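Undergrad: sequence-free structure coming up:
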């Protein structure tokens, strides 16, 4: 917790948030593969931010992106990737980090990584992981079973059934 990110909730309501993020060369992208995030460095790991010109960001769909807010005064967007997006294939030789095409990066779970990260970076990844995990668990409507699609810059999952249309929001339970 803390003032590490300016969430700017009003920006989530803008229909063109995605185009605006893509058009801003200063936008930073955080990659998540399931509940693991892209990091770089061994002894002093850091968030593996990507720029908008990276091929994985260029190929990302609007549904795979989520506006986290402004981190260190720069727009920060979560990009959820899977093995298909990485082009990493399947099987024992799967190396999703190699598919990113940058030296010294890897996908890693946050729990063992958190104590090694700088405090605000750990907080950013915790926020990104929580939202990514929530979205992963709510791909289908709990009311009618239809597919959900993200709206409001990824912070609401909306049922695609015309007869249902339920909106699902992330839980905000405090943790102690």
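TA: Everything's here; your move. In this text, all values refer to a predicted model and were calculated from it rather than measured experimentally.

Undergrad: am I right that residue 24 is in contact with residue 75?
TA: Yes: taking contacts as CB atoms under 8 Å, residue 24 lies within contact range of residue 75: 5.9 Å. C-beta here means a position set from N, CA and C on the backbone, and glycine is covered the same way.

Undergrad: could you work out the end-to-end span of stretch 9-24 for me?
TA: From its first residue to its last, stretch 9-24 covers 18 Å (CA to CA, to the nearest Å).

Undergrad: before we move on, the earlier item: looking at residue 24 and residue 75, which one has more neighbours?
TA: When residue 24 and residue 75 are compared for neighbours, residue 75 comes out ahead with 21 against 13, by other CB atoms under 10 Å.

Undergrad: wait, is that one part of a strand?
TA: Yes: assessed by DSSP: H, G, I helix; E, B strand; the rest coil, residue 75 belongs to a strand.

Undergrad: work out which residue lies at the spatial centre of this protein.
TA: residue 78 (2.8 Å; CA atoms, centre = their mean).

Undergrad: once you drop chain neighbours, what's closest to that one?
TA: residue 66 (4.3 Å; CB to CB, 6 or more residues apart in numbering).

Undergrad: follow-up on the earlier one: which residues does the residue nearest to the centre of the chain form beta bridges with?
TA: The bridge-partner assignment for residue 78, based on DSSP bridges, gives residue 30, residue 66.

Undergrad: what's it in contact with, if anything?
TA: When contacts are counted by CB atoms under 8 Å, 6 or more residues apart in numbering, residue 78 touches 29, 30, 31, 32, 65, 66, 67, 68, 128, 131, 132, 154.
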